[in-house]
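Engineer: Structure of the sequence below:
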Amino acid sequence: MSIRLSQTAHAQQFLEEASGNLNDAGNPRTKALIYRILRDTVNIIEDLDVTPEEFWKAVNYLNELGKNQEAGLLAAGLGLEHYLDLLMDAADEEAGKSGGTPRTIEGPLYVAGAPLSKYEARLDDGKDDAVPLFMRGQVRDTDGKPLAGAIVDVWQANTGGTYSWFDPTQSDFNLRRRIETDAQGNYRFRSIVPSGYGCPPTGPTQQLLDQLGRHGQRPAHIHFFISAPGHRHLTTQINLSDDPYLHDDFAYATRDELIAEIRFSDDQQLAREFGVEGRFAQIDFDFELQPAAAPVEQKRMQRVRALED
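Structural biologist: Alright, predicted model coming up:
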């Protein structure tokens, strides 16, 4: 487009007015963000010759995204959530903060208030015909000292790739628990081997990914919040080593240090010791927490989450 209306004094004043910069009311941070969004949007319209039809198609897409509650899914799929992690990693490096288990994306499916257990827990309600999973590990600091009383907040999908609360067919807090570590920082739980899953095939996220020539698949994974007094809160997840999408996660959450080796076994004597029959799986995974430089680092980032005030 040869017309560069956005560069005129009249257009720039119009953007200042639309974003509230010409009045003394409102929130300065919100005004600054909206002004930048408006400025960059009109530049995109001009630079890429966006037609009115394309513009209103995009507006309708945002409506569909909200109606389907997929904004968080799209943020992960376009790599924006991962990019926030990269920025925090860079800030840590600049500040000389190193060591510990790496962070990775939280995703949009956490639910607050899962039942709390001491040392061990069973995550599943027994209704899913799945391979039992026995996972154990230790929470420690970057010097290798065990962290007693740390909280391992864990959540995962079922074999259908869905999460309780968001999937009303599942029982309350199915595959969600909080576990307090013992005196040696140990935790363990029984669960089921989760399935990888994809975006809803007819939803707006997958529709956009189709236009980008991309799939919407995630490898099998398990989410964690790890916290302990005096230490930085950790948001992370492990990806299971045998999944075909392990290094092709549409949400860009895989990190080499977070790949968990899953070991399947048909040893029936060991199965009986675990209290199950048939095939089962095991995972060992330890977490290391960095020391907190300030109280705010001990808390998880504020965002809207299900059942969280």
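Engineer: ok, Q184 to R178 distance?
Structural biologist: Taking CB to CB, to the nearest Å as the measure, Q184 falls 18 Å from R178. (Each C-beta comes from the backbone N, C-alpha and C, glycine too.)
Engineer: Mind checking which of the two has more residues around it?
Structural biologist: R178 (19 against 12; other CB atoms under 10 Å).
Engineer: Now name the helix or strand holding D172.
Structural biologist: Using DSSP states H and E, no element contains D172; it sits outside every helix and strand.
Engineer: what number of residues lie near the closest residue to it other than its chain neighbours?
Structural biologist: Among residues not flanking D172 along the chain, S164 sits closest, at 6.8 Å (CB to CB, 6 or more residues apart in numbering). Around S164 sit 24 other residues, with neighbours defined as other CB under 10 Å.
Engineer: What score does S164 have for pLDDT?
Structural biologist: On the pLDDT scale, S164 is placed at 98.
Engineer: after the longest helix seen in the chain, next one along is what?
Structural biologist: The longest helix of the chain (DSSP state H) is helix 28-47. Next helix or strand after helix 28-47 toward the C-terminus (DSSP H and E): helix 52-67.
Engineer: what's the angle from that next one to helix 28-47?
Structural biologist: Interaxial angle, helix 52-67 versus helix 28-47 (axes from the mean of the first three to the mean of the last three CA atoms, to 10 degrees): 140 degrees.
Engineer: Output helix 52-67 as CSV - backbone C-alpha positions only.
Structural biologist: Extracted C-alpha coordinates of helix 52-67, given in CSV (Å, rounded to 0.1, in the frame of the first residue of the first chain):
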residue,chain,number,x,y,z
PRO,A,52,-11.5,-5.0,5.2
GLU,A,53,-12.6,-8.6,4.6
GLU,A,54,-9.5,-9.9,6.2
PHE,A,55,-9.8,-7.5,9.1
TRP,A,56,-13.3,-8.6,10.0
LYS,A,57,-12.4,-12.2,9.5
ALA,A,58,-9.7,-11.7,12.1
VAL,A,59,-12.2,-10.0,14.5
ASN,A,60,-14.6,-12.9,14.1
TYR,A,61,-11.7,-15.3,14.8
LEU,A,62,-11.1,-13.6,18.1
ASN,A,63,-14.8,-14.0,18.9
GLU,A,64,-14.6,-17.7,18.1
LEU,A,65,-11.4,-18.1,20.1
GLY,A,66,-13.1,-16.6,23.2
LYS,A,67,-16.3,-18.6,22.7
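Engineer: ok, how many other residues are close to the residue lying closest to Q298 once chain neighbours are set aside?
Structural biologist: Closest residue to Q298 apart from its sequence neighbours, by CB to CB, 6+ apart: A292 at 4.9 Å. By other CB under 10 Å, 17 other residues sit near A292.
Engineer: doesn't G230 make contact with A292?
Structural biologist: Yes: judged on CB atoms under 8 Å, A292 makes contact with G230 at a distance of 5.9 Å.
Engineer: Overlap in contacts, those two.
Structural biologist: Q298 (CB atoms under 8 Å, 6 or more residues apart in numbering).
Engineer: Determine how far stretch 270-285 lies from the middle of the whole chain.
Structural biologist: Here stretch 270-285 shows a centroid-to-chain-centroid distance of 28 Å under the convention CA atoms, centre = their mean, to the nearest Å.
Engineer: which residues sit against it?
Structural biologist: 131-137, 190, 193, 238, 240, 260-266, 268.
Engineer: What subset of those residues is buried?
Structural biologist: Buried residues within the contacts of stretch 270-285, counting neighbours by 16 or more other CB atoms under 10 Å: V131, P132, L133, F134, M135, G137, R190, V193, I238, L240, A260, I262.
Engineer: what about the stretch 1-150 of the chain, any weak spots by pLDDT?
Structural biologist: Confidence mapping of the stretch 1-150 of the chain against pLDDT under 70 gives the ranges 1.
Engineer: can you map out the helices along it?
Structural biologist: 9-18, 28-47, 52-67, 71-77, 80-95 (DSSP state H, counting those that start in this stretch).
Engineer: Now the shortest one - C-alpha only, PDB.
Structural biologist: Backbone C-alpha positions of helix 71-77 (Å, rounded to 0.1, in the frame of the first residue of the first chain) are rendered in PDB as follows:
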ATOM      1  CA  ALA A  71      -7.000 -18.200  24.000                       C
ATOM      2  CA  GLY A  72      -4.600 -20.000  26.300                       C
ATOM      3  CA  LEU A  73      -4.200 -22.900  23.900                       C
ATOM      4  CA  LEU A  74      -3.400 -20.500  21.100                       C
ATOM      5  CA  ALA A  75      -0.900 -18.600  23.200                       C
ATOM      6  CA  ALA A  76       1.000 -21.900  23.700                       C
ATOM      7  CA  GLY A  77       0.600 -23.000  20.100                       C
END
